[in-house]
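*Asks:* the following block contains a protein sequence and its predicted model.
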Amino acid sequence: MKVSHFLICSLLILSLPSMELLAQTPPGVEEFQEVESDMESFYVALSRLSLVTGAISGLLGGLRVYNNWQMGRHHIDVEVISWFGACLFLATVSFFLSGLYGVPLT
């Protein structure tokens, strides 16, 4: 009895590494990797869109402040700060997205 019990236990222990070779990858792993590469391209595009939107917003804000200055409105400090804050926020969002998802902007 002890010999057969010992043989069965030793066969089970020796067959454990070969069972790992027979195991299949879980379903959906390849799909997750494909979605990950797609999402990286989406986040790169979203980060660049945020930078472009910030640049356009800065140009429009500068033109609007210049126009108000030329029209004789000299108390434009709040408007300058708000446009600068918007551009700074959009630039920060771009770098935050690239850092959060580990996607370089280049």
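*Replies:* Perfect, thanks for sending it.

*Asks:* quick one, strands of the chain?
*Replies:* Counting by DSSP state E, no segments of the chain form strands.

*Asks:* which residues does Gly62 contact?
*Replies:* Contacts for Gly62 (Cβ atoms under 8 Å, 6 or more residues apart in numbering) come out as Trp83. (C-beta placed from N, C-alpha, C; glycine too.)

*Asks:* now it: how far from Asn68?
*Replies:* Separation of Gly62 from Asn68 (Cβ to Cβ, to the nearest Å): 11 Å.

*Asks:* same deal with Val52?
*Replies:* Going from Val52 to Asn68 by Cβ to Cβ gives 25 Å.

*Asks:* the two: who's more crowded?
*Replies:* Asn68 (15 against 12; other Cβ atoms under 10 Å).

*Asks:* can you list the low-confidence ranges for the protein?
*Replies:* 1-3, 11-12, 14-25, 103-106 (pLDDT under 70).

*Asks:* pretty sure Arg48 contacts Ser94?
*Replies:* Yes. Arg48 is within contact range of Ser94, at 7.4 Å (criterion: Cβ atoms under 8 Å).

*Asks:* next, count neighbours for Val93.
*Replies:* Around Val93 there are 16 residues (other Cβ under 10 Å).
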